[in-house]
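> Take a look and give me a structure for this.
(4 chains)
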Protein chains: 2
Amino acid sequence: MNLQRANLKDVARLAGVDVSTVSRVLNGSSTQRVSEETRARILAAAETLEYRPNALARGLRTSRVFALGIVVPQLDNPVFSSAIRGAELVASALGYSLIISHRDPGRAAEGEYKRLTVTHGVDGLLVASLDEDRGLIGALEETGVPFVLMNRRIGDAPAVALDSQEAARVGVEHLLDLGHRRIAHLAGRLEGFNGRARVAGYQAALAARGLPLDPDLVESAGYTVEGGTRAMQALLARLHPRPTAILAATVVSAAGALTALHEAGLGIPSDISIVAIHDAPIAAMVYPALTTVQTPTESMGARAVELLIRLIAGEKPASPPLLPPSGLILRRSTAAPPG
Amino acid sequence: MNLQRANLKDVARLAGVDVSTVSRVLNGSSTQRVSEETRARILAAAETLEYRPNALARGLRTSRVFALGIVVPQLDNPVFSSAIRGAELVASALGYSLIISHRDPGRAAEGEYKRLTVTHGVDGLLVASLDEDRGLIGALEETGVPFVLMNRRIGDAPAVALDSQEAARVGVEHLLDLGHRRIAHLAGRLEGFNGRARVAGYQAALAARGLPLDPDLVESAGYTVEGGTRAMQALLARLHPRPTAILAATVVSAAGALTALHEAGLGIPSDISIVAIHDAPIAAMVYPALTTVQTPTESMGARAVELLIRLIAGEKPASPPLLPPSGLILRRSTAAPPG
DNA sequence: CTGTTAGCGCATTCAC
DNA sequence: GTGAATGCGCTAACAG
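Below you'll find the predicted structure:
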């Protein structure tokens, strides 16, 4: 019933003090000099009235609304939905709300950032972009509020991203340990931040075992099912003998590759093994269930919020190091090579 | 640069009028009686100053913040992420922001609703719940702001939901048209709103062709991959002869069923066909790609926002009728029965 | 047709 | 230690 109702004045009246005193104790400013007695009385009054500060009024006064904007290009991408979950968790733990927008950060972006910052007055922006768009940084800086990039680094802008190179290395190493020597890579966008890193990790793992690098073993598949299918078909058509194992950039492209493999009548993992980077629910939904390199996507969102809040507080924190993979999830898609 | 800067006073000064006049023309109230001349001067001033209203101040004054809270139990459920997308689209088209929260609506819900409404001051709530929890309505009503339920109806509370019965009927009819007569149903939660409706639709389709209803053909699989696998295995173990086709409640349980089918060495669709309700990206990621009954999940979010905004405006709109399926997406998992 | 006035709820500077 | 006064930016009577 009396929700939204009680305000500072009500609490002040019930406690028999002035609103300014109530404000002081409730905000617990470091320079608080209030007698224990009245402080207790005020706290009790606030309690019985179920007082909740009005974020609007407070924001109008302090120009801090305790809201963060987060813009992601897509909601159903497992990497982003997981990052959002992580962000939401720490944001609300720290008293912040998250306002999401799923516009493509590259496009119509500028208007969106203004809407979020100027109009709605968020304190900071979390931005997950899919491409390298340099214009993005400019648009972001124009908003005047702190921001942090997720999933990639652009220049030296504040960012939290995954160590895709290490993730790829771990995946390939697993395959090497199983005995595979002819390993292909279903790459993402070769020009992209993560795509490049994965190729580097793939090559590093091979080089560490003294294996030669064959450019023909790498095929760009993008990040779609269709791309995965098409790239896998290309690999199958071009490579003789065919590879005995595949490192896929994402579970989505891996799923597409599985389709191509099934259609080619190949057994998985009897004829060919496949390991994908990123762990997501769909890894367990395909057949056979995918062995994956688990990446800390949820932590990425969490770390990003922490970084952003420190930025908002006026600190000058450095971006954290790239987040290393958190494990290898063994399922049914990998085994020793045939023969 | 001069973002967030310009306020009504600045515009008023530049236009040589009073702030109240500026407010009047910018808000375009129906009772606006301002000379064309000054109106033009004000508009021009606002333009050059890139004036953007401060939502906080406006909200404080009008207790309308043009923000909607949306709480969903999970972000990566294709039904919800799609509904969110639809909601976001119409919300922003109508000038509203969406504040998301992915708490389980049943649990810790009350506190969450208060945080959203009392503290952040959203104008209304969109709630997608997974269960029937009656307490939910009480908690929602206590917030004092309008709300609309998504994905289910509870009592006669405002709600936008899918016509799951019709969706099931369409799926079964497709199977019947292909010649199947022994069709099993991988059901959701039998006690749930949608689960019950799907069973009814499944039975109605069978009855319409004069086919007998065999309770043994229905198995509850919940909404998880594991549930789908387990239920499919149970069906396979219990039914002799085995069914030639399956209607799965969701793409997720269908994916689980595929795993069981593959492990049993059955060909899809050569030995057994399967059609799933809801279309989602994962339908195209599994093997074989799933034929699905497409449901308007994005529209569900869109309609829900429209309904909510009318509620906020003080209208007393009725909940729209259940949303019928929008089509049948033919992929590779269905064909005529063997023999 | 347009200016004046009065807060919305809160934090904060300044008295006492 | 605590109260009084002020204003964040805006809208909504109420005057004129």
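> CA only for contacts and neighbour counts going forward, please
OK.
> Can the helix or strand encompassing A:Ala45 be said to contact DNA strand C?
Following DSSP states H and E, one finds A:Ala45 within helix A:36-48. No. Using C-alpha under 7 Å from any atom of the strand, helix A:36-48 stays clear of DNA strand C, with a minimum separation of 10.4 Å.
> Now do the contacts for the nearest residue to A:Ala280 once chain neighbours are set aside.
Once flanking residues are discounted, A:Ala280 sits nearest to A:Pro78: 6.1 Å by C-alpha to C-alpha, 6 or more residues apart in numbering or on different chains. Counting by C-alpha atoms under 8 Å, 6 or more residues apart in numbering or on different chains, A:Pro78 touches A:Ala280, A:Pro281, B:Asp76.
> buried stuff in the helix holding A:Ala45?
Within helix A:36-48, the residues that qualify as buried are A:Thr38, A:Arg39, A:Arg41, A:Ile42, A:Leu43, A:Ala45, A:Ala46, counting by 16 or more other C-alpha atoms under 10 Å in any protein chain shown.
> A:Phe147 and A:Leu235, how far apart?
A:Phe147 sits 41 Å away from A:Leu235, going by C-alpha to C-alpha, to the nearest Å.
> Derive a ChimeraX selection command for the buried subset of the contacts of A:Pro78.
Restricted to buried positions by 16+ other C-alpha under 10 Å, the ChimeraX selection for the contacts of A:Pro78 reads:
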select /A:280 /B:76
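> Tell me the one of the contacts of A:Pro78 nearest A:Arg169?
Checking those against A:Arg169 with C-alpha to C-alpha, the nearest one is A:Ala280 at 19.1 Å.
> That closest one against A:Ala254, yeah?
No. Using C-alpha atoms under 8 Å, A:Ala280 is not in contact with A:Ala254; the gap is 11.8 Å.
> State the helix or strand in which A:Gly227 lies.
Taking DSSP H and E as the definition, A:Gly227 sits inside helix A:225-238.
> Give me the helices and strands touching that helix, please.
On a contact count with 3 or more C-alpha pairs under 8 Å, 6 or more residues apart in numbering or on different chains; DSSP states H and E, helix A:225-238 meets strand A:183-187, strand A:218-220, helix A:251-263.
> Mind listing what's buried along that helix?
A:Val225, A:Glu226, A:Gly227, A:Gly228, A:Thr229, A:Arg230, A:Ala231, A:Met232, A:Gln233, A:Leu235, A:Leu236.
> neighbouring contacts of that helix?
A:186, A:217, A:219-222, A:242, A:252-261, B:284-285.
> what's the following helix or strand after that helix?
As assigned by DSSP H and E, the chain's next helix or strand after helix A:225-238 is strand A:245-248.
> That next one near chain B at all?
No. Using C-alpha under 8 Å from any C-alpha of the partner chain, strand A:245-248 stays clear of chain B, coming no nearer than 14.2 Å.
> Just checking: what are the partner strands of that strand?
strand A:183-187 (parallel), strand A:273-277 (parallel) (DSSP bridges).
> any chance of these in TSV, with mean pLDDT too?
Below are the strands paired with strand A:245-248 laid out as TSV (pLDDT from 0 to 100):
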stretch	mean pLDDT
strand A:183-187	98
strand A:273-277	98
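> Any idea which of those strands gets closest to DNA strand D?
The closest of the strands paired with strand A:245-248 to DNA strand D is strand A:273-277. By C-alpha to the nearest atom of the strand, the value is 47.4 Å.
> Report whether whatever helix or strand comes next after the closest one contacts chain B.
Downstream of strand A:273-277, the first helix or strand assigned by DSSP H and E is strand A:291-294. No. Judged by C-alpha under 8 Å from any C-alpha, strand A:291-294 makes no contact with chain B; its nearest approach is 15.1 Å.
> Please see if the following helix or strand past strand A:291-294 touches DNA strand C.
As assigned by DSSP H and E, the chain's next helix or strand after strand A:291-294 is helix A:297-312. No. With C-alpha under 7 Å from any atom of the strand as the criterion, DNA strand C is not reached by helix A:297-312; the gap is at least 14.6 Å.
> just how off-centre is helix A:297-312 within its chain?
Helix A:297-312 has its C-alpha centroid displaced from the chain centroid by 10 Å (C-alpha atoms, centre = their mean, to the nearest Å).
> Using CSV, write out the CA atom coordinates for it.
Output of helix A:297-312 as CSV, limited to C-alpha atoms (Å, rounded to 0.1, in the frame of the first residue of the first chain):
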residue,chain,number,x,y,z
THR,A,297,31.8,-14.6,-20.4
GLU,A,298,29.8,-13.9,-17.3
SER,A,299,32.9,-12.6,-15.6
MET,A,300,33.5,-10.4,-18.5
GLY,A,301,30.2,-8.6,-17.8
ALA,A,302,30.9,-8.5,-14.1
ARG,A,303,34.4,-7.1,-14.5
ALA,A,304,33.1,-4.6,-17.0
VAL,A,305,30.6,-3.2,-14.5
GLU,A,306,33.3,-3.0,-11.8
LEU,A,307,35.6,-1.2,-14.1
LEU,A,308,32.9,1.2,-15.1
ILE,A,309,31.8,2.0,-11.6
ARG,A,310,35.4,2.8,-10.7
LEU,A,311,35.6,5.0,-13.7
ILE,A,312,32.3,6.8,-12.6
